[in-house]
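Q: Below are the sequence and a predicted model; questions follow.
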Amino acid sequence: MRGGNAAKVNTRTSATTANKVALGLLVPVLAAFGWIASADLRTGWSDDPRNPAEPGPNGWASIARTSVRVAGFEEVGTLENWDGTPWTPPDGYRLWRLEVEVRSRLTEPRFCTVEVRDAEGRTFTPPGPDAGLPETAASTLDCGSLEEDPSLSTMVLMPVESRPATVRLLNDYELAPAYFSLPLR
């Protein structure tokens, strides 16, 4: 009787060891599979810079049935407040108005975040409502289906020493990893 029980114990020990070995091999195999399967996703969403769509000779950059170009970029010295008094940028800053022209064949709206980069690579975005601007500076522009006016504008505050170089229009949902990259001036 004793020999029969010993055989059962050895069989259970062998099965337990085999399960541990299989589980030990399964984890690295699944990790490798996950890494390989997610390569496109990791490349598309986490790389910076992503894939810039730069303008052609005519000034238009195109992505997914939408084209954009810089229609204007100029320094704004003074704005008028709601009460008629002048508003000027804080000391050490300049206010810039960016105007973008859009052509699109999309039927659904697509909004892009605005980033202005200077020659040193620093990024500036339109100021929020706390900046006290008399006009609203939109942080996103419609870079998709436009019903009427294809010209959109926003404003960006930058330090006086900054030299504006490019504007980026990004949309992390429909366009990524592509984005519009347009030179200024």
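A: Yep, it's here.
Q: Tell me what Arg103 is bridged to.
A: On the basis of DSSP bridges, Arg103 is bridged to Ser67.
Q: Would you confirm that it contacts Ile63?
A: No - contact criterion Cβ atoms under 8 Å: Arg103 and Ile63 do not qualify, at 11.7 Å. (Glycine included, C-beta is placed from N, CA and C.)
Q: the more surrounded of the two?
A: Ile63 (20 against 13; other Cβ atoms under 10 Å).
Q: Can you find the helix or strand in the protein with the smallest mean pLDDT?
A: Across the helices and strands of the chain, mean pLDDT, DSSP states H and E gives its lowest value to helix 39-46, namely a mean of 52.
Q: immediately after that one, which helix or strand?
A: Toward the C-terminus, helix 39-46 is succeeded by strand 51-53 as the next helix or strand (DSSP states H and E).
Q: Now do that next one: distance to the chain's middle.
A: Here strand 51-53 is found 11 Å from its chain centre; the criterion is Cα atoms, centre = their mean, to the nearest Å.
Q: Give me the contact list for the helix or strand just after that strand.
A: Sequence-wise, the next helix or strand downstream of strand 51-53 (DSSP H and E) is strand 61-63. Strand 61-63 has contacts (Cβ atoms under 8 Å, 6 or more residues apart in numbering) with 53-55, 67-69, 175, 178-182.
Q: Cool, thanks, signing off.
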